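Undergrad: Next comes the sequence, and after it the predicted model I'd like to discuss.
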Amino acid sequence: MPLLENGQITPDRWHVAMDGEPLPEGAVIVPLERLEEGLARTGDAPLGVAIAPDVDVAVLRTALPRLELVAVTFPIFRDGRAFTQARALREHLGFKGEIRATGKPLPDQYEFLLRCGVTTVQTERAEDISVWRQAHEIITIAYQPSTLHERPQGLGLRRFLG
């Protein structure tokens, strides 16, 4: 499936480590259960980790300086725990690397994903990319603070708008 960044298709340099197979060379995303194995690799190859929705991101605290990517998962569209994980990675743990949304996020959620700190999206569904682009451009008002360092907007914040 395509990888989206800022509403555009972007090349994916990452390989996903498969269960029971040796870690591939280069940039690799390992499941949380194989994180120690990934951290033990020699060399400077980029390392990422994929976490399940029920994982407390605080378990990554000591590994974050060595990680370039954290993949959060949307197992179904109604499960919003990955939003919280992304926001916690940015705001509470100060993670500056790529946060990738995987699984089944919806185009309607795209702008909210970006506001929570997600940088790239990879879905399991074959969708028209123009729907994601449109969702990125059409939503212009938000009611919650963002990790994007933008001016707050929304009905509850009218008194702060110029």
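TA: Good, I have the coordinates. A quick note: this is a predicted structure, and the numbers were derived from the prediction, not measured. Numbering: from 1, shown residues only.
Undergrad: quick one: the helices in the chain?
TA: Listed in chain order, the helices of the chain (DSSP state H) span 35-39, 81-91, 110-116, 129-138.
Undergrad: Between these, which one is closest to E25.
TA: Nearest of the helices of the chain to E25, taken as C-beta to C-beta: helix 35-39 at 12.4 Å. In short, each C-beta sits where N, CA and C put it, glycine included.
Undergrad: What residues sit buried inside the closest one?
TA: Neighbour-count burial for helix 35-39, with 16 or more other C-beta atoms under 10 Å as criterion, is recorded at 35, 38.
Undergrad: That one - contacts with which helices or strands?
TA: Packed against helix 35-39 by the contact rule (3 or more C-beta pairs under 8 Å, 6 or more residues apart in numbering; DSSP states H and E) you find strand 28-31, strand 47-51.
Undergrad: what's in contact with that helix?
TA: 17, 23, 28, 30, 47, 49, 63, 66 (C-beta atoms under 8 Å, 6 or more residues apart in numbering).
Undergrad: got it, and stretch 49-64?
TA: By C-beta under 8 Å, 6+ apart, stretch 49-64 touches 16, 29-32, 35, 38-39, 67, 69-75, 79, 81-82, 85, 88-89, 92-95, 97, 102.
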